[in-house]
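Participant: What shape does this take:
(chains A and B)
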Amino acid sequence: MLEPIMYEGGVFKHNLVIELIEDLGGYVLQTNYMQTEVMIQMLCPHEDISMLEDMAKELRAKITRAPLTGTDIIVIAPTLAYHHLPHHACDVAEYMRRFGANTTLIGLARGVGRRIAQISAKERVLVNEHDLAVFALGNFEDCLINKKYVLYKDLDVPCIITGTPELPEPPMYAKDYVGHLGRIAHRLKLEGELDALDRLVETVGKTLDEQRIEISKDPLTTHPARIMKEIKEQIPEINKSLSPAPITLQLMGARVKLSYSQYKEAIGNITFEEGVTLREIAKVLPSEVRDYIIIKILPKSVTGFVI
Amino acid sequence: MLPLEVFRVESPDKTGAEAYESVIRDVLADLELTTVLGRLWVYIDPVEPFFLFCTLIRTGLPPICVKDMADISTGTPSTKKVELKLTNEEHIPTLLNILWIEYGRENVSQPERLVITIDTDNKDEVAENLADVVIADPRREIESRLADALLRITPEGFRVRHHVSTGSEMLFVASEDPIKSEWIKKAEDMMDQLKEGL
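Facilitator: Here you go, the predicted model:
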């Protein structure tokens, strides 16, 4: 089993860590350089973590388990107006990034109000492309319970709602609810607010773990990280992408930041050393995000094998 | 009237009202309005739904005229210019813009940091007219900041709005449905109570 790990340390000799992970059969998902510091997100085999810990100790670096690593989470504000941004919607998105998630933030076109709140079909398709949706909603219990569910009732992905009141149970159609994170017009830095963010991360991690267990009942033909590795090796153009995460991993696939019309053939033709092509084990689809590509890996029950 | 001597945020939803109070405090602080407002009473009913905002504005600073920021002199009788010796540098860009529009760029010069001269044939008339030209009006600026604050504070979906604004008070009603007369009546009652000091 691969364990999601975040490495934070100096740039000096960090390539040793990357080599170690590759030798152990893990995957490096993302490397961010911040002047003399480096942050590496990786998947490391569970039984070899002690080797990584030893090396981190030697290099005076810090390694932490990052439960949200390799997940694609969308944070949704009712609109992009200053009622919701930059605080608290951006703070929520940013905080989850610290735990390894790739977060996208969107504002709905007409998500405001009570009777008038709505979500468009295009927005719904976009949200369904992610692993999990976090709705950053507001202050009033009546709105949260009786009105705002229209935004997420038809979504296929699990939805976690944030708001001010403490509710005994999540609003209908929502997977979970986190209180004390309603409309806040300042940067979330007070003790209670950071606690609420921690609870949100914990809730998101728990929901994702449940999804992982669900997926493991009918395992994917291959791990998304392996697809990422093969794309990096077989399509060199991906390295020219200016995006910090040219390939965004998801629980059941990946989003590749290359043009669908230009690269769909090349992506489909990626060959694994077992002899199968990506086209045989996954669906290569156009993403709703710009003209990117989304890959959905087929489960074992469809392909009949696991590589 | 002291700054924010009355600050009430009320709602049938107590937790919501507390959170809203924090939002209002943040917005007023961001827009530097805390010393401008004397008494403030906000009422939100999320079920109906409506939002009432009543405030009394503290009388602020008077408008700033040219004579408040400069000594105007016409010099010797033979010179054909008006000279402004600035005592306050704060509003120079606005002053220059006004002078350029009124007397033309070629006639206005600034030989020194604190001196502006205007070339003109009838300098006495210019000097007299110039003295009372308003350069900045803090009250109007406050009004625009207050309008901005209201838009930030009001729940975003409440787009049907009614407001009554005089120099010293502001009454605002917002909802996502057509505004009912009883809501306006309630806001007016609140305003009357605010004026009486509660």
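
Participant: Count the neighbours of A:V289 for me.
Facilitator: Residues near A:V289, counting by other C-beta atoms under 10 Å in any protein chain shown, number 17. Where you see a C-beta, it was placed from the backbone N, CA and C, and this is true even at glycine.

Participant: for B:K80, same thing?
Facilitator: 13.

Participant: ok, it - contacts?
Facilitator: B:119-121, B:123 (C-beta atoms under 8 Å, 6 or more residues apart in numbering or on different chains).

Participant: Among the residues you listed, which lie within strands?
Facilitator: The strands, defined by DSSP state E, take in B:D119 from the contacts of B:K80.

Participant: Just among the contacts of B:K80, which is most surrounded?
Facilitator: That'd be B:K123 among these, by other C-beta under 10 Å, with 20 neighbours.

Participant: In contact with that residue, which residues?
Facilitator: By C-beta under 8 Å, 6+ apart, the neighbours of B:K123 are B:74, B:79-82.

Participant: Whether the helix or strand encompassing A:G205 contacts chain B - can you check?
Facilitator: Take DSSP states H and E as the rule and A:G205 turns out to sit in helix A:191-217. No. Remark: helix A:191-217 sits outside contact range of chain B, by C-beta under 8 Å from any C-beta of the partner chain, the gap being at least 10.5 Å.

Participant: mean confidence for that helix?
Facilitator: Averaged over helix A:191-217, pLDDT sits at 92.

Participant: Buried residues of that helix, list them for me.
Facilitator: A:193, A:196-197, A:200-201, A:203-205, A:207-208, A:211 (16 or more other C-beta atoms under 10 Å in any protein chain shown).

Participant: In terms of secondary structure, what does it contact?
Facilitator: helix A:89-97, strand A:132-136, strand A:159-162, strand A:176-178 (3 or more C-beta pairs under 8 Å, 6 or more residues apart in numbering or on different chains; DSSP states H and E).

Participant: quick one, domains of chain B?
Facilitator: B:6-60+B:138-195, B:64-136 (automatic domain parsing).

Participant: Setting aside sequence neighbours, what's the nearest residue to residue 40?
Facilitator: Defaulting to chain A. Distance criterion C-beta to C-beta, 6 or more residues apart in numbering or on different chains; nearest residue to A:I40, sequence neighbours excluded, is A:Y7 at 4.2 Å.

Participant: wait, I meant chain B there
Facilitator: B:T55 (4.6 Å).

Participant: Mind checking what secondary structure the one you found has?
Facilitator: Judged by DSSP: H, G, I helix; E, B strand; the rest coil, the three-state class of B:T55 is strand.

Participant: Give the bridge partners for it, please.
Facilitator: Legend: beta-bridge partners of B:T55 under DSSP bridges are B:L40, B:M170.

Participant: Going by distance to chain A, which of the contacts of B:K123 wins?
Facilitator: Nearest to chain A out of these is B:V82 (C-beta to the nearest C-beta; 45.1 Å).

Participant: mind checking how far that closest one is from B:K185?
Facilitator: 56 Å (C-beta to C-beta, to the nearest Å).

Participant: Which one's more surrounded, these two?
Facilitator: For B:V82 versus B:K185, the count of surrounding residues by other C-beta under 10 Å is larger for B:V82: 27 against 10.

Participant: so that one makes contact with B:N129?
Facilitator: No. Checked against C-beta atoms under 8 Å, the pair B:V82 and B:N129 is beyond contact range at 9.9 Å.

Participant: Can you get me a residue count around the residue of chain B at minimum distance from chain A?
Facilitator: For chain B, the residue closest to chain A is B:G157, as judged by C-beta to the nearest C-beta, at 2.2 Å. The tally of other residues near B:G157 (other C-beta under 10 Å) stands at 24.

Participant: what about the helices in chain B?
Facilitator: For chain B, the helices defined by DSSP state H cover B:14-30, B:66-69, B:92-103, B:123-131, B:138-153, B:181-195.

Participant: go on, the stretch 51-200 of chain A?
Facilitator: For the stretch 51-200 of chain A, the helices defined by DSSP state H, counting those that start in this stretch cover A:89-97, A:121-128, A:141-142, A:191-217.

Participant: need those helices in CSV with distance to A:E237, can you?
Facilitator: Formatted as CSV, the helices of the stretch 51-200 of chain A follow (distance: least, C-beta to C-beta, whole Å):
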stretch, distance to A:E237
helix A:89-97, 26
helix A:121-128, 25
helix A:141-142, 51
helix A:191-217, 30
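
Participant: what's the closest non-adjacent residue to whichever residue of the stretch 101-250 of chain A sits closest to chain B?
Facilitator: In the stretch 101-250 of chain A, the residue that lies nearest chain B is A:G113 (2.2 Å; C-beta to the nearest C-beta). Residue nearest to A:G113 in three dimensions, not counting chain neighbours: B:G157, with 2.2 Å by C-beta to C-beta, 6+ apart.

Participant: likewise B:M1?
Facilitator: The nearest residue in space to B:M1 (C-beta to C-beta, 6+ apart) is B:G38, at 3.7 Å.

Participant: Tell me the pLDDT of that neighbour.
Facilitator: Residue-level confidence at B:G38 comes out at 89, pLDDT.

Participant: burial count for it?
Facilitator: Neighbour number of B:G38 under other C-beta under 10 Å is 19.

Participant: residues touching it, list them.
Facilitator: Applying C-beta under 8 Å, 6+ apart, we find B:G38 in contact with B:1-6, B:55-58.

Participant: What of B:I57?
Facilitator: B:36-38, B:142, B:146, B:167-170.

Participant: if we can go back for a sec, JSON lines please, covering the domains of chain B and showing distance to A:G26.
Facilitator: JSON lines is the format used below for the domains of chain B (distance: least, C-beta to C-beta, whole Å):
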{"stretch": "domain B:6-60+B:138-195", "distance to A:G26": "44"}
{"stretch": "domain B:64-136", "distance to A:G26": "60"}
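
Participant: Who are the contact partners of A:G10?
Facilitator: Taking C-beta under 8 Å, 6+ apart, one finds A:36-38, A:59-61 in contact with A:G10.

Participant: Near residue 135, how many other residues are there?
Facilitator: If you meant another chain, say so; for now it's chain A. By other C-beta under 10 Å, neighbour count at A:F135 equals 28.

Participant: actually chain B
Facilitator: B:I135 has 20 nearby residues by other C-beta under 10 Å.

Participant: cool, A:C44 as well?
Facilitator: Counted with other C-beta under 10 Å, the neighbours of A:C44 add up to 25.

Participant: Residues of the stretch 1-150 of chain A that sit close to chain B?
Facilitator: Counting by C-beta under 8 Å from any C-beta, the stretch 1-150 of chain A sits next to chain B at A:78-79, A:81-84, A:112-117, A:138-143.

Participant: Okay, and which of those residues map to strands?
Facilitator: Per DSSP E, the residues of the stretch 1-150 of chain A next to chain B never map to strands.

Participant: Excluding covalently adjacent residues, which one is nearest to A:L16?
Facilitator: A:M55 (6.5 Å).

Participant: right, and the pair among the buried residues of helix A:191-217 with maximum separation?
Facilitator: Taking C-beta to C-beta as the measure, the buried residues of helix A:191-217 span a maximum distance of 27.1 Å, between A:E193 and A:Q211.
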